[in-house]
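K.L.:
Could you work out the structure for the sequence below:
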Amino acid sequence: MMLLRRALGKTTIVHRANVIDGILQIFSNAKNSIDVCGNSKFPLKLFSYDSVKKFREKTASQNVNLRQRYIFEITKENVHYCKDLTSTANNELRHMSDIEANFAVNEIEYLGSITLQDVHQQAIYSNLREVVEQQRSIFETLWNKSIPAVDTIAEIEKGVDPQFLEVISDRQKATERADRLGVIDRLIQASTQRGAMIKIICPLSQVNLEIVKKISEKAPAIRVLNGGSSHSGLFIVDNSKFLRFELKDPKAEEFSDAIGFITYSNSKVTVGSSRSFFELIWNEHVQYEKIREYERQKEADRLKDEFLNVAAHELRTPIQPILSLSEILRSKIGDSEHGEFLEIITRNAKRLQQLTQDILDVTRMKASHLRFIKNESIYMML
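P.N.:
Numbers count the residues shown, from 1 in each chain. From the prediction side, this is the model:
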């Protein structure tokens with residue numbers, strides 16, 4: 001192969017067929033390990049060649065201790081080639097979404113920046129120690145962030161979207177993703193047009209008052225709970241995907257300044273745990289609102305009872321003189337007609353007196369000042 005004749009300590013650009021030669025050389029010169037990373041096109045463009053497949057299998061059979069690790073974005077288009085990799089002993093395959101790095105590296109050589117156009121393939125070859133060590137370190141980082149391919153392959157074969165966990169730390173990219181979502185408008189649309197059940201927990205502050213008002217006016221079915229002063233980020237969770245905006249500065253005027261990074265995943269475990277967490281917080285806030293409503297009702301009842309108690313006492317003050325003076329007038333008036341008038345006054349005054357006493361008894365009972373005591377068959381009110 002052409003690259004084998006190159007001097008040590010060199011970095012060069014290779015083209016077309018030499019790219020395939022470079023891949024074969026990486027396998028040929030590997031002693032203990034080969035690490036390959038590529039996007040979804042890598043297995044289709046490079047591992048689809050019979051010469052590459054046979055050379056990989058030959059290398060594995062001649063060196064049974066050779067460890068081969070692969071990171072690809074596994075899709076339904078390349079799943080056949082990816083699955084073929086797992087049939088060889090000591091081969092390990094992992095999946096990573098949206099990866100665009102295409103390179104292969106062994107202990108002493110690196111072939112990277114591989115372009116996969118049909119007409120003009122090219123790559124950078126290097127056997128500089130610093131370059132090789134750097135690329136091996138990069139691969140280790142990607143390897144630790146990728147996920148085992150077994151479940152991904154099984155899901156693709158069953159027609160299920162593969163699981164992914166994406167962390168977008170670049171502020172501009174995260175902001176662009178958030179802007180494309182159009183969160184509020186899409187929530188309103190989902191509620192009004194598709195009847196989706198939507199729950200939102202957020203601080204009901206003056207800052208977002210207009211947003212909450214817009215939601216309540218355009219989509220009254222959306223339930224919004226006050227999240228207090230918490231700034232734990234924005235969660236959007238349904239039965240299939242999970243999205244979280246990690247807030248860096250919640251008070252920033254520009255969204256791009258407020259957001260730190262985004263976590264985006266359709267992992268069943270992540271979605272399930274996030275949904276459970278949301279429901280836990282939701283139920284906690286619902287119970288808190290019920291307690292607050294109970295306290296408000298309790299305070300209203302206390303004020304009402306206090307008013308009734310004061311009113312009853314105020315009524316007792318004029319009732320007693322009315323009754324007393326009516327009795328005095330009755331003893332001095334002999335006219336039967338005026339006596340009937342006094343009887344009416346007395347009777348209604350006594351009714352008012354009894355009503356006043358009943359009101360006081362009720363307020364005392366609520367205030368626990370009135371007790372019922374049972375003594376054999378005798379019941380007493382004190």
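K.L.:
For the rest of this, base every contact and every neighbour count on C-alpha atoms.
P.N.:
Noted.
K.L.:
What's the separation between the nearest residue to Gly339 once chain neighbours are set aside and Asn348?
P.N.:
With C-alpha to C-alpha, 6 or more residues apart in numbering as the criterion, Gly339 has its nearest non-adjacent residue at 6.2 Å, and that residue is Arg330. Distance of Arg330 to Asn348, given as C-alpha to C-alpha, to the nearest Å: 15 Å.
K.L.:
Those two: which has the busier surroundings?
P.N.:
Arg330 (18 against 14; other C-alpha atoms under 10 Å).
K.L.:
Just the element for the more buried one, please.
P.N.:
helix 268-332 (DSSP states H and E).
K.L.:
just checking, what packs against that helix?
P.N.:
Helix 268-332 sits against strand 223-226, strand 234-237, strand 242-247, helix 336-366, with contacts defined as 3 or more C-alpha pairs under 8 Å, 6 or more residues apart in numbering; DSSP states H and E.
K.L.:
can you list the domain ranges for the chain.
P.N.:
Domains of the chain are assigned by automatic domain parsing as 2-157, 165-266, 291-381.
K.L.:
So which of the ones you listed is nearest Glu279?
P.N.:
The closest of these to Glu279 is domain 165-266. By C-alpha to C-alpha, the value is 9.5 Å.
K.L.:
Report the rounded mean pLDDT for that closest one.
P.N.:
Computed over domain 165-266, the mean pLDDT rounds to 71.
K.L.:
ok, now stretch 16-29?
P.N.:
Stretch 16-29 carries an average pLDDT of 88.
K.L.:
can I have it written out in CSV, keeping just the CAs?
P.N.:
Presented in CSV, the C-alpha positions along stretch 16-29 are these (Å, rounded to 0.1, in the frame of the first residue of the first chain):
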residue,chain,number,x,y,z
ARG,A,16,-9.5,8.9,-3.8
ALA,A,17,-8.2,5.3,-3.7
ASN,A,18,-5.5,6.2,-1.3
VAL,A,19,-8.2,6.9,1.3
ILE,A,20,-9.1,3.2,1.2
ASP,A,21,-5.4,2.3,1.3
GLY,A,22,-5.1,4.5,4.4
ILE,A,23,-8.0,2.6,6.1
LEU,A,24,-6.4,-0.7,5.3
GLN,A,25,-3.1,0.5,6.6
ILE,A,26,-4.6,1.5,9.9
PHE,A,27,-5.9,-2.1,10.3
SER,A,28,-2.6,-3.6,9.0
ASN,A,29,-0.3,-1.8,11.4
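K.L.:
Select, out of the helices and strands packed on helix 268-332, the one closest to Ile20.
P.N.:
Nearest of the helices and strands packed on helix 268-332 (C-alpha to C-alpha): strand 242-247, 40.0 Å.
K.L.:
so that closest one versus helix 268-332, what angle?
P.N.:
80 degrees (axes from the mean of the first three to the mean of the last three C-alpha atoms, to 10 degrees).
K.L.:
So which elements touch strand 242-247?
P.N.:
Packed next to strand 242-247, using 3+ C-alpha pairs under 8 Å, 6+ apart, are strand 234-237, strand 259-265, helix 268-332.
K.L.:
what's the most buried one of the helices and strands packed on helix 268-332?
P.N.:
strand 242-247 (a mean of 20; mean count of other C-alpha atoms under 10 Å).
K.L.:
what separates the residue nearest to Gly339 from Ile344, distance-wise?
P.N.:
Distance from Arg330 to Ile344, by C-alpha to C-alpha: 12 Å.
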